[in-house]
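Undergrad: The sequence and its predicted three-dimensional model are supplied below.
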There are 2 protein chains.
Amino acid sequence: MTKENLQSDTTRDRVLSTSAGLFCQHGYAGVSMRKIAESCDMKAGSLYYHFASKDEILIEVLNMGIERVHAAVATALSESAGTASAFDRLRHAISGHLHALLEYSSFTSANVRIFRQVPEAVQHSTLETRRRYEALWDGFLGDLKAEGHLRSDVDIRSFRLMLIGALNATLDWFDPAPGDISELADRYADMLANGILVGPQS
Amino acid sequence: MTKENLQSDTTRDRVLSTSAGLFCQHGYAGVSMRKIAESCDMKAGSLYYHFASKDEILIEVLNMGIERVHAAVATALSESAGTASAFDRLRHAISGHLHALLEYSSFTSANVRIFRQVPEAVQHSTLETRRRYEALWDGFLGDLKAEGHLRSDVDIRSFRLMLIGALNATLDWFDPAPGDISELADRYADMLANGILVGPQS
DNA sequence: TGGCCTGCCTAACGTTTGTTAGGGATGGCG
DNA sequence: CGCCATCCCTAACAAACGTTAGGCAGGCCA
């Protein structure tokens, strides 16, 4: 119960992390227990010592994906709360989401990629975690609006959906090797905060 | 070669359209030839009269997805070219993409959902079609910039990626039944064109 | 009428799927 | 030492997978 669990946990974590990467690349049904095991230098049967089923791995991967990006954004928000300008706070929140998505966490990218194609029962068991993350953003955007920094005719939910959608879509093209994630966050924050047309339009 | 093909084509088209819907919902590996056949009131073996393999269905679905949204946006652009304001042209282009994605075409949504998880060889055989669609947007945005309507410090490629990403993400939450797609397009165009913060930020 | 083409069928092939049962090695603890 | 838990293994199960071969009905054309 003391040191053994350390070994056990690292194996378990390795399985989860490789599963996330595979799910992200090939989709839920495209990844078999045997492929997961092979990527961990194990045999398929051994996975069932750590997990009861493929869906149990899946649920854990999906939940960890949201939890990680939630933690990243929460940290970014609390670090810039009060002191920074509205734009800088938005910039930091965006940066937190992008770093979690593109750098830290294969769990987060797996969640973005496969959530809509997993069995409905699995989706439901991760909805609560999802809602907490949405609430984090809505709270932040609500603060911005209450402080008068947000255009009064902008709907918070609409903007949050557009923003998170745009950020998650970077998964499809961004190559973290050359580019700088923080610089990407700056560009996105600028375009979203200021718009792309010259002068106000309606 | 004349009337027979009519019957043949409708069955073929039904297979493609059902396949698109299934691919969209369950991912590439999550859809079997037997499930496709069952959804068309056929048996799995019969599919091979119309298609050589599962991947051939897939390639056709993916290509049609891009071609449809390309046609929708091209029409919207040509209808508003010259006469309308920069904002209205952007609004119409967005509306064209959203209508194709959310209303017309299960092919387009299938492409958005599963493109990154299909075999690499299949991806390659649809890349040319994809590039043509990207070029359509870049041409339009280049025109806006040349006419001085686009902020000069906004990178066209960055904005196009953000925009298309944000639009495609509506697949994950938009329910076409109650909401109006055109009104959604207006909201998105407004937020993207004008930004969401009050006054210019940097 | 006889033959051909179209469109779908059944039945089977070899492989892969998720999952289970049972066994063997390792190492800490009495 | 002997015991027990941990951790992974092999072997097998039934089911589902993509694909193929061969056949049967019906309409077209000679």
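TA: That came through, no problem.
Undergrad: Could you report the neighbour count for the residue nearest to A:Gln25 when sequence neighbours are not counted?
TA: Nearest residue to A:Gln25, sequence neighbours excluded (C-beta to C-beta, 6 or more residues apart in numbering or on different chains): B:Gln117, at 6.7 Å. All C-beta spots, glycine's among them, are computed from the backbone N, C-alpha and C. B:Gln117: 24 surrounding residues under other C-beta atoms under 10 Å in any protein chain shown.
Undergrad: Please name the residues that touch B:Gln117.
TA: If a contact means C-beta atoms under 8 Å, 6 or more residues apart in numbering or on different chains, then B:Gln117 has A:25-27, A:30, A:113, B:27-29 as its contacts.
Undergrad: again, only this time at 6 Å
TA: Applying C-beta atoms under 6 Å, 6 or more residues apart in numbering or on different chains, we find B:Gln117 in contact with A:26-27, B:28.
Undergrad: now do A:Ser39
TA: Contacts for A:Ser39 were tallied using C-beta under 6 Å, 6+ apart; they are A:Thr18.
Undergrad: again, but for A:Ala44
TA: So A:Ala44 contacts A:33-34, A:37 (C-beta under 6 Å, 6+ apart).
Undergrad: so is the residue nearest to A:Val69 when sequence neighbours are not counted in a helix, a strand, or just coil?
TA: Nearest non-adjacent residue to A:Val69, counting by C-beta to C-beta, 6+ apart: A:Ala100, 4.1 Å away. Taking DSSP: H, G, I helix; E, B strand; the rest coil as the rule, one finds A:Ala100 in the helix state.
Undergrad: re earlier: now render the contacts of A:Ala44 as TSV, adding neighbour count.
TA: Listed next are the contacts of A:Ala44 as TSV, based on neighbours: other C-beta atoms under 10 Å in any protein chain shown:
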residue	neighbour count
A:Met33	18
A:Arg34	13
A:Ala37	18
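Undergrad: Out of the residues you listed, flag the one nearest to A:Glu56.
TA: A:Met33 (11.3 Å; C-beta to C-beta).
Undergrad: longest helix of chain A?
TA: helix A:54-80 (DSSP state H).
Undergrad: Is DNA strand D within reach of that one?
TA: No. Taking C-beta under 7 Å from any atom of the strand as the criterion, helix A:54-80 and DNA strand D are apart, separated by no less than 13.5 Å.
Undergrad: Also stretch A:110-124?
TA: No. Stretch A:110-124 does not reach DNA strand D (C-beta under 7 Å from any atom of the strand); its nearest approach is 13.5 Å.
Undergrad: And the contacts of stretch A:163-171?
TA: A:97-98, A:109, A:112, B:162, B:165-166, B:169.
Undergrad: Please repeat the previous calculation with a cut-off of 8 Å.
TA: A:94, A:97-98, A:101-102, A:109, A:112-113, A:137, A:184, A:188, A:192, B:116, B:161-166, B:168-170, B:172.
Undergrad: Would you write a PyMOL line that selects the buried entries of those residues?
TA: Those of the contacts of stretch A:163-171 that count as buried under 16 or more other C-beta atoms under 10 Å in any protein chain shown are selected in PyMOL with:
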select buried, (chain A and resi 94+97+98+101+102+109+112+113+137+184+188+192) or (chain B and resi 116+161+162+163+164+165+166+168+169+170)
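Undergrad: Averaged pLDDT, the longest helix of chain A. What do you get?
TA: Throughout helix A:54-80, pLDDT has a mean value of 97.
Undergrad: now it: how far from the chain's centre is it?
TA: 6 Å (C-alpha atoms, centre = their mean, to the nearest Å).
Undergrad: May I see the buried residues of that helix?
TA: By neighbour count with 16+ other C-beta under 10 Å, helix A:54-80 contains the buried residues A:54, A:57-73, A:76-77, A:80.
Undergrad: Stretch A:135-145 now?
TA: A:136-137, A:140-141, A:144-145.
Undergrad: Let me see the mean pLDDT of that stretch.
TA: On average, stretch A:135-145 scores 97.
Undergrad: next one: it to chain centre, how far?
TA: 18 Å.
Undergrad: Stretch A:138-148 too?
TA: That offset, for stretch A:138-148, works out to 22 Å (C-alpha atoms, centre = their mean).
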